[in-house]
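Participant: coordinates only, sequence not included:
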């Protein structure tokens, strides 16, 4: 039997909401960055600098950024685990990551060429991903599995709230340097709050002989399902701007504002879904909770594809947002159950590849479909959203195949 992990903080009690909130608040700052970047800013900057080749160039930028993120996490995670076994609280990774990303942001928003944009975006991905893998280890290390659903709900709730805040900032801030400063300040502030919470504890060292036990089949199925579901999500997020431009308004400036509003509403609804799913994720089969949420998100995509109008968006958005928030909670809770305890950050780096790989594959797959079929304009956007629905369907099928022992306490 593997020895149990020595926590870096006192295991959270079911009523320890403030402590869970403090531990999870850094996720708000990180996700505010991605809410602004992946939902609005990256697409808008691509359109500004590449104009008629925006759809294809977006795929290249997203791919390079995701590759940089994956490589960074695979290096930072194991190093963090090695230092953790020597008594580190991992805080140094949070600080370096947040500071590096804050420095890269003005270069991204001030880039005046496609090459400069590519370099700045890759640097941003490297910086923030120094922190992400080590930071995500804090939940499985510090929270009892019986309350993993509530801890995961804080993470999912802050993810949605952060995405919404980032979308609002990107929509309202016309000046790129002001936006860069606001996002950087959020990163630094939330990093400081979480770091303070962790620094106030007195961690014991992890036993050097702690065994590593990984339920390989469960981890592989969870990983594959996450790849497929996030491929659908990133296709939806990445092409929502182009959907808005094609079916709601052809004016780029107005499309940017509407896109920001849609991302904002989607993420607020996601936070609602996370709140609703917290207790069910601790009491019931987490596969069923995750599949229910993912199925709702997939149904929303179908409505987008078939409706292609403001009315369709009004119906699809609540269904998709609440469903996605529900899925995130159960997905986090299952992951906390199956990752190896002695190498939590390294395992999280691998698990995060299931988010980073779709950042590469989603735009590549959609671009390949668009280029190979020769479609353009409204039909190209419809094809991209149809592909997203198929990707989510595959993810749901894989989730259902998870073994029951990792889905229940």
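Facilitator: Happy to help now that I have it. Since this is a predicted model, take the numbers as computed values, not measurements.

Participant: could I get the full set of helices for the stretch 251-400 of the chain?
Facilitator: In the stretch 251-400 of the chain, the helices defined using DSSP state H, counting those that start in this stretch lie at 252-283, 286-307, 310-338, 344-373, 377-400.

Participant: now mean pLDDT too, for these, in TSV please.
Facilitator: Formatted as TSV, the helices of the stretch 251-400 of the chain follow (pLDDT from 0 to 100):
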stretch	mean pLDDT
helix 252-283	79
helix 286-307	89
helix 310-338	86
helix 344-373	80
helix 377-400	89
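
Participant: for residue 113, find the nearest of the ones you listed.
Facilitator: helix 252-283 (19.6 Å; Cβ to Cβ). For glycine as for every other residue, the C-beta is placed from the backbone atoms N, C-alpha and C.

Participant: list the buried residues in that closest one.
Facilitator: Within helix 252-283, the residues that count as buried by 16 or more other Cβ atoms under 10 Å are 255-256, 258-260, 262-278, 280-282.

Participant: show me where pLDDT drops low in the stretch 51-200 of the chain?
Facilitator: 51-52, 55, 139-140, 142-149 (pLDDT under 70).

Participant: who touches the closest residue to residue 366 other than its chain neighbours in this structure?
Facilitator: Closest residue to residue 366 apart from its sequence neighbours, by Cβ to Cβ, 6 or more residues apart in numbering: residue 384 at 4.3 Å. By Cβ atoms under 8 Å, 6 or more residues apart in numbering, the contact list for residue 384 reads 235, 239, 242, 366, 369-370.

Participant: buried among these? Make that a ChimeraX selection.
Facilitator: Listed next is the ChimeraX selection for buried residues among these, using 16+ other Cβ under 10 Å:
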select :235,239,242,366,370
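
Participant: nearest to residue 396 among the contacts of residue 384?
Facilitator: So of the contacts of residue 384, ranked by how close each gets to residue 396 (Cβ to Cβ), first place is residue 235, at 15.5 Å.

Participant: apart from its chain neighbours, what residue comes closest to that closest one?
Facilitator: Closest to residue 235 by Cβ to Cβ, 6+ apart is residue 388, at 3.7 Å.

Participant: any idea how far residue 119 is from the one you found?
Facilitator: 29 Å (Cβ to Cβ, to the nearest Å).

Participant: and stretch 362-378, what's buried?
Facilitator: So stretch 362-378, judged by 16+ other Cβ under 10 Å, has buried residues 362-367, 370.

Participant: okay, and residue 124 sits in which element?
Facilitator: helix 114-136 (DSSP states H and E).

Participant: which helices and strands sit right next to that helix?
Facilitator: Contacting helix 114-136 under the criterion 3 or more Cβ pairs under 8 Å, 6 or more residues apart in numbering; DSSP states H and E are the following elements: helix 17-36, helix 42-50, helix 54-84, helix 91-110, helix 176-199, helix 344-373.

Participant: separation between the residue nearest to residue 366 and residue 92?
Facilitator: 40 Å.

Participant: right, and residue 105 touches residue 184 too?
Facilitator: Yes: counting by Cβ atoms under 8 Å, residue 105 touches residue 184, with 5.3 Å between them.

Participant: quick one: which of these two has more around it?
Facilitator: residue 105 (27 against 20; other Cβ atoms under 10 Å).

Participant: excluding chain neighbours, give the residue nearest to the more buried one in space.
Facilitator: residue 180 (3.8 Å).

Participant: so what's that neighbour up against?
Facilitator: 105-106, 108-110.

Participant: swap the cut-off to 10 Å and go again
Facilitator: Contact analysis of residue 180 by Cβ atoms under 10 Å, 6 or more residues apart in numbering lists 36, 41, 102-110, 173.

Participant: and what of residue 357?
Facilitator: Here residue 357 is in contact with 66-67, 70, 223, 226-227, 230-231, 234 (criterion: Cβ under 10 Å, 6+ apart).

Participant: now do residue 93
Facilitator: Residue 93 makes contact with 76-77, 79-80, 83-84, 130-135, 137, 345, according to Cβ under 10 Å, 6+ apart.

Participant: which non-adjacent residue is nearest it?
Facilitator: Residue 93's closest residue in space is residue 134 (Cβ to Cβ, 6+ apart), at 4.0 Å.
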